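Undergrad: Could you look at this predicted model? Sequence included:
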Amino acid sequence: MKNWDSTDGHDLKQKNRLSKIIRHNHLRHYPLLDQTIFINNQDFRWTIKHPEGYKSKEELLRDWSPFIPDMLFPISKTIIEFDGSFHTDTEKGARRTKLRNQYYSYAGIKLIVYNTDEFNKMTDDEVLADLKKKL
């Protein structure tokens, strides 16, 4: 996992499948895929706009933490993450996942997490029923 990149498209199949289920069932939720969000480190407000007024990346990162959720629903302030083995089977992955989840919670963002392997085994009807409960 040393060279693992969270934007490498490893869960693109799941994102596309879930987007199709949402669209075909008229759930009126419109996801943004792999949209960077910035969460303020002091008051936990969040934005999808790049914070302005910073001269360097280091200066920006002192005040803001960037995250790239798998699916962001800005209107309902909901994020869906597809977590594979990296998030549970490695110390680094578990630590990052815990921090990510805390930041989302502090920012008032509803988080829905699907284990990638379990999601792949679910039928579309099972996914739809589960999603309706959680959204």
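TA: In hand now; what should we look at?
Undergrad: what stretches of the protein score poorly on pLDDT?
TA: Residues of the chain that meet the criterion pLDDT under 70 lie in 1-9.
Undergrad: can you point me to the longest helix in it?
TA: helix 91-106 (DSSP state H).
Undergrad: what about the helices in this protein?
TA: Under DSSP H, the chain gives helices at 12-24, 57-63, 86-89, 91-106, 116-121, 124-134.
Undergrad: Surely residue 128 is in contact with residue 25?
TA: Yes - counting by CB atoms under 8 Å, residue 128 does reach residue 25; the two are 5.7 Å apart. Any C-beta I mention is one placed from the backbone N, CA and C, and that applies to glycine too.
Undergrad: about what we covered before: neighbouring contacts of the longest helix of the chain?
TA: Contacts of helix 91-106 from elsewhere in the structure, counted by CB atoms under 8 Å, 6 or more residues apart in numbering, are 1, 39, 44, 65, 67, 69, 79, 81, 83, 85-88, 111, 113.
Undergrad: Good, we can wrap up now.
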